[in-house]
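S.K.: I would like the atomic coordinates for the input below:
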Amino acid sequence: MAGIEDANVVDLVARDALGEYMVVMIETRRWGTDPQQPRQLKDKINAYASYILDGDLLNQYPTVAGHPVRIQLECPQQPSEEISAITEWAARQLGEYGVRFVVNVKG
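M.R.: Numbering: from 1, shown residues only. All right, here's what the predicted structure looks like:
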């Protein structure tokens, strides 16, 4: 998996038990270990938003039609204040298009 370092790669697409499609981005590093993380996260969010909203997800996975979609950030610890500001902004912006954005801490 490419992780947030590579905005050109979709890390994972899956469907949860409730039928919602997840476009998952993976961050394995702890927050603050790389000064590029905030920029990398923004770039990855923008790439995923384009992938979903421009129809590439639907073209690649036609079964997505009619199902809700979310972008999910998997990370090893609670986001820092700076990262939280980015994810909260993304959640608001994407929500306007019917796409949820969630953070899942797996520590």
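
S.K.: from here on, contacts and neighbour counts on C-alpha atoms
M.R.: Fine.

S.K.: Tell me which residue is most central in the protein.
M.R.: Centroid-nearest residue in the chain: I71, 3.8 Å away (criterion: CA atoms, centre = their mean).

S.K.: Helix or strand: which one has that one?
M.R.: Using DSSP states H and E, I71 falls within strand 69-75.

S.K.: Packing partners of that strand?
M.R.: Where contact means 3 or more CA pairs under 8 Å, 6 or more residues apart in numbering; DSSP states H and E, strand 69-75 is packed against strand 21-26, strand 99-105.

S.K.: Partner strands of the first one and their direction?
M.R.: Strand 21-26 has the following strand partners under DSSP bridges: strand 12-15 (antiparallel), strand 69-75 (parallel).

S.K.: tilt between the longest one and strand 99-105?
M.R.: This points to strand 69-75. Orientation check (axes from the mean of the first three to the mean of the last three CA atoms, to 10 degrees): strand 69-75 against strand 99-105 gives 20 degrees.
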